[in-house]
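Participant: show me how the following folds:
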Amino acid sequence: MLIDLHVHTDRTPGCTLDPALALAKAETLGLDGVCFTDRDTLDRAADLHSLRNGAKIRVLVGLEAETDHGRFLCFFPDPEDVDVPAILGSHEPANRRPALEVVERTLAAGGAVVAATPYDRNLPKPMGDFVFTLRNLSAVEAFTGTRGSNVNELAIEAADHLSAPCVGGSGAMTSYDEVGTAATLFKDDIQNEADLVRALRAGSVWAVAVGTPPKFHGDDEALRAPRERPGGGRSSRPFRDRRGGRRGGRGR
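Facilitator: The predicted structure is shown next:
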């Protein structure tokens, strides 16, 4: 199954997307589902779930939590029954919430946590290399359709070092054309959020680019001819293709 794990609605500040229209766009792309992840809220979970009656694809709900070290996609087996203030904790401004506490509370509630665009420096409080302290992450969002190749490549490297699965999502905020520009491939059928959490925690997921394949900084170098050894002859050591198997998840 292909599911876009990171789509916002008009409940996220700065976003104007209608969830019904976002679902329609995802259907035309052949996706099997969309997970709506509004920032710091699950207040709309019941309304979003009501869209399942007329949708041909899965309608799932999570949230994007803002913290003092970046943002996290948090998924729960029953999002309509989550005490969001208890998960987010601090009453301080969102970008001062302790990231470690949000991660630990989500996991303690039976949820799954994904580091969202960890190397996006345009965020108020980017995660950056702080991601390496988060050894209990369920996954890293290693391909985000609305971010540049430099942001995605660093996320892939981080997932590799953490031996964490890679997931993909569009991060759609401002245009329906953003929906489905990246997605996550699930080995098993995902019927609801409980299935989603189970798959993420098991690591049976892979990041997928939809449409034109992205270009990363090492791609051209990987295609060059072998170097000449000093004194003649070619090196038997090939250039390393930085893409490797890590585009899809754990592998190198």
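
Participant: please report the distance of Ala199 from Thr184.
Facilitator: 9 Å (C-beta to C-beta, to the nearest Å). Just so you know, the C-beta spots here come from the backbone N, C-alpha and C atoms, and that holds for glycine as well.

Participant: which one of the two is surrounded by more residues?
Facilitator: It is Thr184, of Ala199 and Thr184, that has more neighbours when counted by other C-beta atoms under 10 Å, with 31 against 25.

Participant: ok, and the closest non-adjacent residue to that one?
Facilitator: Of all residues not flanking Thr184 in the chain, Val167 sits nearest, at 4.3 Å (C-beta to C-beta, 6 or more residues apart in numbering).

Participant: remind me which helix or strand that neighbour belongs to.
Facilitator: Counting by DSSP states H and E, the element that carries Val167 is strand 166-169.

Participant: and that strand, which strands flank it?
Facilitator: Sheet pairing for strand 166-169, assigned by DSSP bridges, gives strand 139-144 (parallel).

Participant: elements contacting the lengthiest strand in the chain?
Facilitator: Using DSSP state E to define each element, the chain has its longest strand at strand 58-67. Packing partners of strand 58-67 (3 or more C-beta pairs under 8 Å, 6 or more residues apart in numbering; DSSP states H and E): strand 2-7, strand 33-39, helix 45-49, strand 70-75, helix 84-88, helix 99-108, helix 193-202.

Participant: in its sheet, what does that strand sit against?
Facilitator: Sheet pairing for strand 58-67, using DSSP bridges, gives strand 33-39 (parallel), strand 70-75 (antiparallel).

Participant: what about those, which gets the closest to Arg121?
Facilitator: strand 70-75 (10.5 Å; C-beta to C-beta).

Participant: that closest one vs strand 2-7, what angle?
Facilitator: 130 degrees (axes from the mean of the first three to the mean of the last three C-alpha atoms, to 10 degrees).

Participant: model confidence over strand 70-75, on average?
Facilitator: For strand 70-75, the mean pLDDT works out to 98.

Participant: swap in stretch 30-43?
Facilitator: Averaged across stretch 30-43, pLDDT comes to 97.

Participant: how long is it end to end?
Facilitator: Taking C-alpha to C-alpha, to the nearest Å, stretch 30-43 runs 28 Å from one end to the other.

Participant: ok now that stretch, how far from the chain's centre?
Facilitator: 11 Å (C-alpha atoms, centre = their mean, to the nearest Å).

Participant: mind listing what's buried in that stretch?
Facilitator: 31-40, 42 (16 or more other C-beta atoms under 10 Å).

Participant: from these, which is closest to Leu17?
Facilitator: The nearest member of the buried residues of stretch 30-43 to Leu17, counting by C-beta to C-beta, is Phe36 at 9.2 Å.

Participant: what about the closest one, distance to Ala209?
Facilitator: 21 Å.
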